[in-house]
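Q: Sequence and predicted model, in that order:
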Amino acid sequence: MKLLGTNTSPYVRKVRLVLLEKNIPHTYLVDPPREPGSQVARVNPLGRIPALILDDDTCVFDSPVIAEYADTLNDTPALIPRTDALARMRVRRWEALADGIMDSAVVVRTESLRPADKQEANNISLHNNAITRALSYAADQLGPREWCECSSITLADLALVSALIYLDLRQAERDWRGAHPNLAAWFARLSERASVRTALAG
């Protein structure tokens with residue numbers, strides 16, 4: 001299978017981490033959708049990344065769908081709980097929280113690229129405040145635990161680490177580590193995993 005994406009997309013990074021953690025063979029192709037010759041729009045009607053192309057040319061798109069599909073391919077590890085409905089909900093809720101951080105950070109980034117007189121300050125403030133609240137919620141929910149949920153790594157951890165990597169990239173001025181030392185310690189430990197190092201290397 002082939003994964004189309006870019007090295008800066010947090011949604012692509014989340015999916016790459018899932019594939020890497022589960023040791024699913026794949027080829028990662030950097031294919032910015034806006035670049036001439038990109039094949040993204042040909043395989044994904046939405047023209048967005050990540051796009052996972054299966055061996056029969058089926059395209060799986062939208063990062064939560066790709067993550068859930070990939071998790072069904074083997075059980076080592078099972079990143080989304082299989083039998084405990086509440087645990088499954090909590091893992092998916094973590095993913096939704098992390099994706100929401102990514103969504104808001106992308107909006108802020110997009111606004112920042114507009115001419116200063118065209119930027120919508122209220123929109124920037126709205127989404128920055130959402131990020132701040134989400135980080136506080138994440139820190140409170142994590143507490144002193146080693147993992148976001150369960151007793152081992154799950155999709156919750158991979159989604160959250162992807163969101164925080166993106167904040168470091170696009171909002172370097174945000175001192176989320178100083179505000180949430182437990183998140184900082186958790187992030188430092190996750191960053192040592194082979195999957196995260198590989199995904200950060202491009």
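A: Okay, I see it.

Q: Which helix in this structure has the most residues?
A: helix 85-112 (DSSP state H).

Q: any idea of the mean pLDDT for that helix?
A: On average, the pLDDT along helix 85-112 is 97.

Q: Output the contacting helices and strands for it.
A: helix 10-21, helix 63-71, helix 121-142, helix 155-170 (3 or more CB pairs under 8 Å, 6 or more residues apart in numbering; DSSP states H and E). Any C-beta I mention is one placed from the backbone N, CA and C, and that applies to glycine too.

Q: Could you break this structure into its assigned domains?
A: The chain resolves into domains spanning 2-71, 85-193 when parsed by automatic domain parsing.

Q: What is the distance between the least confident helix or strand in the chain by mean pLDDT and the centre of its chain?
A: Least confident helix or strand of the chain, by mean pLDDT, DSSP states H and E, is helix 194-201 with a mean of 94. Relative to its chain's centre, helix 194-201 lies at 13 Å (CA atoms, centre = their mean, to the nearest Å).

Q: got the contact list for that helix?
A: 13, 16, 17, 20, 21, 158, 161, 165, 190, 191 (CB atoms under 8 Å, 6 or more residues apart in numbering).

Q: Narrow those residues to those that are buried.
A: 13, 16, 17, 20, 21, 158, 161, 165, 190 (16 or more other CB atoms under 10 Å).

Q: what's the most distant pair in those?
A: 21 and 165 (15.1 Å; CB to CB).

Q: quick one on the thing from earlier: for residue 43, state which of the buried ones among the contacts of helix 194-201 is nearest.
A: residue 16 (17.3 Å).

Q: for that closest one, what are its contacts?
A: Per CB under 8 Å, 6+ apart, neighbours of residue 16: 3, 5, 28, 50, 195, 198, 199.
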